[in-house]
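>>> Starting from these lines, generate the structure:
(chains A and B)
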Amino acid sequence: MDVIYHYDGSFEGFLSCVFDSYAHKEIPAGFCSGEDGVFSLFNSRTVLTDPDHAARVLQKVAALSPEAAVLLRRGFLTCLSEKELHLFQVVAKLLREGPGFLGNRSDETLYPVIRAVQHLNGEVHLLKGFVRFSDLGGVLGGEIEPKNRVLPVLGGHFSARFHNERFFLYDRTHKEALFHVPGQSVIRPLADFQMAPPDKTEARYRLLWKRFYDTIAIKERENPRLRMSNMPKRYWGTMTEFQGEEHFIPRTSPGAVSGPGAPAGISAPGTPPPPGPSAPGSGP
Amino acid sequence: MDVLEKLTVLTDAAKYDAACTSSGGTRTAKKGYIGNTSTASAGCCHTFSADGRCVTLLKVLLTNRCVYDCKYCVNRRSNDTRRAAFTPEELADLTIQFYRRNYIEGLFLSSGVFRSPDYTTELMIRCLALLREQYRFNGYIHAKAIPGTAPELVERLGFLADRLSVNIELPSEAGLNSLAPDKTKGAILAPMRQIQTRNRQSREELVKYRHAPRFAPAGQSTQLIVGATRDTDFHILRLTQGLYDRYSLKRVFYSAYVPVVEHALLPAKDVKPPLLREHRLYQADWLLRFYGFRAEELLDEGTQDFDTRVDPKCSWALAHLDFFPVEVNTAAYETLLRIPGVGVTSARRILSARRVGPLHIDNLKKLGVVMKRAQYFLTASGKMAEGLRFTPDSVLRGLIAAERPLLPQQEAVQLSLFDPAETA
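You can find the predicted model right below:
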């Protein structure tokens, strides 16, 4: 009997589905999460998220293969269509046959998941470079528009790099944002977000960067195709160097807007101390 | 001159340097400091310029004033160009503010020789010390060691930077003598040797004392200009190999010479930069570093330059058809690496996958093997790809057609000798 599993869309919820499918000795035909309670001809089962069940499933998977647990976590963040079904099949095969097949990337159950995770990892890698922050009165803010849910992975990178800063990174696709203050970072849903226009200083650094970008290219080597294959156009929308003129114009009334959550008057964490006495000779 | 203008002049003057990676850095985040270097072994590109090259670091000169008069260089003293210089404070501020906005991975600091190599290096040290000590910058720094600088200064520079580089630029002494009369081979190699020795000592000290200061932990690199002199690919590749073997370089970069000046000893100004040649040298460079090839296997006295039609690995394979086909289920890793279309990653995947069960041709594509190239050179469980018929001549045509879409456009046109329909 084919059954569709309804769950809350969380990773723990999915693991609870896996648990329930074994408890009821049935194989789910599909997964459904959140509001998209589409009408279907199949029977359905609503699975309640149970942290204890989820932990037991993950523990079992990790005991059989630590890599599989990582794959499961990452796989759940991808934009693979019917990712739950693919992941379920990997778990089922792992429990049935043991971890041997995980070494063979061309395995037909494993391959779609590995590909999707690779796509996620690739997107994370590119975004580590392509994310652009703006200084909004001491708080750094940035936006991205990824295909996969990259924030949980990307967040670790930026939280380590800018651990003394306060920053947020908004994911337009999945409508959630990463917030970081020294020592702590969280990901929270955020329905909408509009970046404030830059102040004078911010506009100046944007302009400096744009100028650097435009100057560093060697005219004789121009190669738009190569640039596009290295940096697909879908990333350009959130990158400073590809923005129109208005992006570089400071807002007219200074001091009117302060960044979200930035108490006015506190200097940016990361603003360097005034440079001290200088060393040999005088600057050229 | 304001900072925007200075940035324009000094970026323009620095753009011909090819090296722009942040690889090999190992700085983890530190409390009270800003930044780290990417933990992944590969570098991190922050954007790609209109020429398709990766931009990782803020690549600028401290100054483009120069006492030297190297014929090939835009910054030579006899060139009538605008001159500028950053103050260390200006550059440190730019670096930090760009870094906070995630525009860059760090700083690439080079400079024209202002007054003397020592004086210039001291200015660079001032700037880097400011960044590291006052701004508490923990990101990546690549600095140029200028030939002729006192060893004590190179030493100081190495403790501030992640990577040092000394550019050889001209691949032969004859080239140096005619085009860069102020430089000598000895003056270039001396700091390279010093950096190598000091880097090794520092590693040894690190084993004993965990907090020993690290000297250029990401090693050193250099750059060779291709196409300004008559040096052959074979000469350049052997030089490269020597540098990897004897100076433990991390990378050798090649820069296709862009004619920027009219000079009797240099290619005319309307000559296009030899991008395809540069591309072939990079391909061969990878073969040296990751594939266990030696320069002498790829080229010899008889064939001094790379075949422009196919990449060096295919070229080697075509000249050694008796080595193939390779059976992927039994071949050693080193043998797998010799197959065109099989890279380091796919070779490792083959090793892992064949432990699970015998591999067939259909598996290989999913393991990342580029079958367009590899199909002529391998068998899986004794079988080649189904329906594949070929002669050495048609293999060559197939390989040319397989690579063509990947090459820079201008070269692709030159190669239109063959009809794409012949690929099948």
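>>> In chain A, what residue spans correspond to strands?
Listed in chain order, the strands of chain A (DSSP state E) span A:3-7, A:28-33, A:43-46, A:133-136, A:139-144, A:167-171, A:176-181, A:184-189.
>>> got the ones you listed as CSV, with distance to B:Ala212, mean pLDDT and mean neighbour count columns?
Placement of C-beta: from N, CA and C, glycine included. Converted to CSV, the strands of chain A look like this (distance: least, C-beta to C-beta, whole Å; pLDDT from 0 to 100; neighbours: other C-beta atoms under 10 Å in any protein chain shown):
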stretch, distance to B:Ala212, mean pLDDT, mean neighbour count
strand A:3-7, 53, 91, 21
strand A:28-33, 53, 90, 18
strand A:43-46, 60, 87, 14
strand A:133-136, 34, 95, 24
strand A:139-144, 34, 96, 22
strand A:167-171, 33, 96, 24
strand A:176-181, 32, 96, 20
strand A:184-189, 33, 94, 12
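>>> mind checking which of the ones you listed is nearest chain B?
Smallest distance to chain B across those (C-beta to the nearest C-beta): 4.7 Å, for strand A:133-136.
>>> quick one: is the closest one near chain B?
Yes: applying C-beta under 8 Å from any C-beta of the partner chain, one finds that strand A:133-136 is in contact with chain B at A:133-135.
>>> looking at the strands of chain A, which is closest to B:His320?
strand A:139-144 (47.8 Å; C-beta to C-beta).
>>> so which of the strands of chain A comes closest to B:Pro340?
strand A:139-144 (37.6 Å).
>>> where does the residue nearest to B:Arg349 when sequence neighbours are not counted fall, phi/psi-wise?
Here the nearest residue to B:Arg349 in space, its sequence neighbours aside, is B:Leu367; by C-beta to C-beta, 6 or more residues apart in numbering or on different chains that works out to 4.4 Å. Reported as degrees, to the nearest 10, the phi and psi values for B:Leu367 are phi -90, psi 0.
>>> shouldn't B:Leu367 be in contact with B:Leu351?
No: the pair B:Leu367 / B:Leu351 is not scored as a contact, 10.0 Å apart, by C-beta atoms under 8 Å.
>>> And the strands in the stretch 1-150 of chain B?
B:47-48, B:54-55, B:57-61, B:106-110, B:140-144 (DSSP state E, counting those that start in this stretch).
>>> how about TSV for the ones you listed, with distance to chain A and mean pLDDT added?
Below are those laid out as TSV (distance: least, C-beta to the nearest C-beta, whole Å; pLDDT from 0 to 100):
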stretch	distance to chain A	mean pLDDT
strand B:47-48	4	95
strand B:54-55	6	93
strand B:57-61	7	96
strand B:106-110	11	95
strand B:140-144	11	94
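>>> Using CSV, please lay out the ones you listed together with mean neighbour count and distance to A:Val113.
As requested, the strands of the stretch 1-150 of chain B are exported to CSV (neighbours: other C-beta atoms under 10 Å in any protein chain shown; distance: least, C-beta to C-beta, whole Å):
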stretch, mean neighbour count, distance to A:Val113
strand B:47-48, 24, 30
strand B:54-55, 21, 30
strand B:57-61, 25, 36
strand B:106-110, 27, 35
strand B:140-144, 27, 34
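>>> I'd like those laid out as a markdown table, including distance to A:Lys147.
Output for the strands of the stretch 1-150 of chain B, formatted as a markdown table (distance: least, C-beta to C-beta, whole Å):
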| stretch | distance to A:Lys147 |
| --- | --- |
| strand B:47-48 | 19 |
| strand B:54-55 | 22 |
| strand B:57-61 | 28 |
| strand B:106-110 | 29 |
| strand B:140-144 | 28 |
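>>> quick one on the thing from earlier: compute the number of surrounding residues for the residue nearest to B:Arg349.
Other residues near B:Leu367 come to 22 when the count uses other C-beta atoms under 10 Å in any protein chain shown.
>>> Run through the residues that contact it.
Shown in contact with B:Leu367 (C-beta atoms under 8 Å, 6 or more residues apart in numbering or on different chains): A:105-106, B:346, B:349-350, B:353, B:359.
>>> if we go to 6 Å?
B:Leu367 makes contacts with A:105-106, B:346, B:349-350, B:353, as judged by C-beta atoms under 6 Å, 6 or more residues apart in numbering or on different chains.
>>> And the strands in the stretch 251-400 of chain B?
Assigned by DSSP E, counting those that start in this stretch, the strands in the stretch 251-400 of chain B fall at B:251-256, B:326-327, B:378-379.
>>> any idea how far B:Thr240 is from B:Asp285?
6 Å (C-beta to C-beta, to the nearest Å).
>>> Also A:Ser106?
Look at A:Ser106 and B:Asp285: by C-beta to C-beta, they are 30 Å apart.
>>> again, but for A:Trp236
In this structure, A:Trp236 lies at 31 Å from B:Asp285, with C-beta to C-beta as the measure.
>>> Tell me which residue in chain A sits closest to chain B.
Using C-beta to the nearest C-beta, the point where chain A gets nearest to chain B is A:Leu226, with a distance of 2.8 Å.
>>> If you tally nearby residues, what's the number for that residue?
For A:Leu226, the tally of surrounding residues (other C-beta under 10 Å) stands at 19.
>>> Could you pick out the residues of the stretch 1-150 of chain A near chain B for me?
Counting by C-beta under 6 Å from any C-beta of the partner chain, the stretch 1-150 of chain A comes close to chain B at A:100, A:103-106, A:111, A:128-129, A:131, A:133.
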